[in-house]
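*Asks:* What follows is a predicted structure for the sequence shown.
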Amino acid sequence: MPVHSRRRGSSRGKILDLIRSTGPVSRVELSEMTGLTQATVSTSVRDLLRDGLVSETGRGESTGGKPRTTLEINPASRLGIGLHIGRDYTTYIVADLAGTVIGRLRVPGVGDAEPEPAVARMASDVDQLLTGLDVDRSAVVGIGVATPGPINRDAGAIMGAPALAHWTGFPIAATLSRATGFDCTFDNDATAAAIGEFWLGATGDYNTYASVYMGAGIGVGIVIDGTIYHGKQANVGELGHITVDAMGPTCSCGNVGCVELFAGPRSVIDAARAAVERGELEMEFTGTITTDLARIADLAVHGDATASALFTRSAEYLAAAVVSMVNLIDVQLVVLAGSAFQTVGSLYARTIAERLDERAFARAVQRVDVRMSVNGTDAAALGAATLVLQDTLSPRSLASITLA
């Protein structure tokens with residue numbers, strides 16, 4: 001692609017993103033915000049109007065001359081499908097260009113199912129969801145697929161994720177694309193969740209932040225100066241596999257003393273089973289991580305001291321990992337997302353915030369804000385939908401960022 005074409009595409013994406021996030025906005029204001037010439041802005045806006053992505057919706061206040069025409073996003077002009085694949089549950093989201101969810105479906109996860117029939121079922125689910133919503137399929141730009149890591153983003157495949165080990169090497173993105181007829185974008189679930197937070201404006205004025213995602217495992221999506229940090233193959237942010245005990249037990253990933261062994265949902269459930277055997281806790285287990293963790297959390301919020309202690313321990317270990325992460329990448333904000341935080345997220349948020357205030361290396365310079373995700377358990381699926389919208393319509397640089 002010629003250099004001038006790449007620049008034009010970059011300008012168009014930047015302008016679309018600003019109209020989406022700050023509209024209604026005038027062409028003059030866009031030029032001031034971006035530093036682009038008014039001619040460049042006008043050309044990009046003309047393209048966006050032609051494609052139906054934005055609309056001229058009114059006139060701003062006059063500054064002495066002709067009132068400026070304002071621009072706003074046309075939300076229904078494009079739709080993205082987000083698909084979060086998990087062992088326990090699979091979630092589908094259809095979102096418009098404003099990030100508004102217009103349809104959602106949650107079904108049992110892939111469990112031990114082989115990839116080929118599981119993907120066939122996903123294609124059927126997508127078809128039924130779109131049919132039920134009665135949307136214009138030509139407006140769908142593609143499917144964003146989010147899965148646990150590690151992944152090979154170029155190949156569109158999971159590569160040894162503990163919960164989906166039998167999917168290793170299977171080309172999910174290409175197979176799903178053939179089955180549905182839609183282009184597929186592929187990323188890990190923590191990164192997808194981070195993109196969703198930024199796309200929806202939930203991070204406020206913060207443009208350097210981390211989204212800690214805890215479902216079956218623990219990961220983190222990292223945004224630096226408004227750009228997602230992917231690393232070489234989108235395997236950045238495996239927070240759950242940072243060592244917190246160098247003499248600790250061996251993790252399924254091959255490392256030792258990993259955070260997930262002490263803070264992860266499975267560790268909480270294993271500790272609860274041991275407490276039941278000792279007669280310290282009363283509950284029944286289903287064998288499903290999401291459900292069992294929710295049952296323990298329900299006991300905790302209703303005052304069971306043993307259940308509360310399990311989450312307190314988990315939160316302390318996770319907080320220790322987050323402090324190390326903040327010391328390395330100097331973020332302004334930490335967002336907590338994922339099903340594991342659904343019931344007892346406030347405990348984790350409070351513990352992490354307190355430990356950052358006490359222990360973060362640069363705490364005297366900048367306080368790190370800690371908050372819950374606005375997207376809750378749908379964070380990864382909604383993030384995947386916004387991922388495909390962003391990659392298609394307002395792409396940012398996906399190149400690795402060198403951290404000084």
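*Replies:* Now that the structure is in, tell me what you want to look at.
*Asks:* List the residues that contact the nearest residue to residue 119 once chain neighbours are set aside.
*Replies:* In space, and not counting its chain neighbours, residue 119 is closest to residue 175: 5.0 Å by C-beta to C-beta, 6 or more residues apart in numbering. Where you see a C-beta, it was placed from the backbone N, CA and C, and this is true even at glycine. Contacts for residue 175 (C-beta atoms under 8 Å, 6 or more residues apart in numbering) come out as 115, 116, 119.
*Asks:* quick check, nearest of those residues to residue 247?
*Replies:* Minimum distance to residue 247 across those is 37.5 Å, recorded for residue 115 (C-beta to C-beta).
*Asks:* Identify the residue nearest the closest one in space, chain neighbours excluded?
*Replies:* Distances taken as C-beta to C-beta, 6+ apart put residue 170 closest to residue 115, at 4.2 Å, once the chain neighbours are dropped.
*Asks:* Look at that neighbour and say how many residues are nearby.
*Replies:* 19 (other C-beta atoms under 10 Å).
*Asks:* OK, contacts around it?
*Replies:* Residues in contact with residue 170 (C-beta under 8 Å, 6+ apart) are 115, 157, 158.
*Asks:* Residue 78 too?
*Replies:* 53, 96, 97, 139, 140, 141, 389, 392, 393.
*Asks:* Show me the beta-bridge partners of the fifth one.
*Replies:* By that I understand residue 140. Applying DSSP bridges to residue 140 gives these bridge partners: residue 79.
*Asks:* Same check on the second one?
*Replies:* For residue 96, the residues forming beta bridges with it (DSSP bridges) are residue 79.
*Asks:* separation between it and residue 33?
*Replies:* Residue 96 sits 23 Å away from residue 33, taking C-beta to C-beta, to the nearest Å as the criterion.
*Asks:* Looking at the two, which has the bigger crowd around it?
*Replies:* A count of neighbours by other C-beta under 10 Å puts residue 96 above the other of residue 96 and residue 33, at 20 against 14.
*Asks:* Would you check that the more buried one makes contact with residue 81?
*Replies:* No. Applying C-beta atoms under 8 Å, one finds residue 96 not in contact with residue 81, separated by 11.3 Å.
*Asks:* quick revisit: most neighbours out of the contacts of residue 170, which is it?
*Replies:* That'd be residue 158 among the contacts of residue 170, by other C-beta under 10 Å, with 26 neighbours.
*Asks:* What are the boundaries of the strands in the stretch 101-250 of the chain?
*Replies:* Counting by DSSP state E, counting those that start in this stretch, the stretch 101-250 of the chain has these strands, from start to end: 101-108, 140-147, 151-152, 157-158, 184-188, 209-214, 218-224, 227-228.
*Asks:* ok, now the stretch 301-404 of the chain?
*Replies:* Going by DSSP E, counting those that start in this stretch, the stretch 301-404 of the chain shows strands at 333-337, 369-372.
*Asks:* Just the C-alpha atoms of the first one, please, in CSV.
*Replies:* Okay, so that is strand 333-337. The C-alpha atoms that make up strand 333-337 are tabulated as CSV, following Å, rounded to 0.1, in the frame of the first residue of the first chain:
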residue,chain,number,x,y,z
LEU,A,333,-5.5,2.8,36.3
VAL,A,334,-6.2,-0.9,37.0
VAL,A,335,-9.6,-2.2,35.9
LEU,A,336,-11.0,-5.6,37.3
ALA,A,337,-13.0,-7.6,34.8
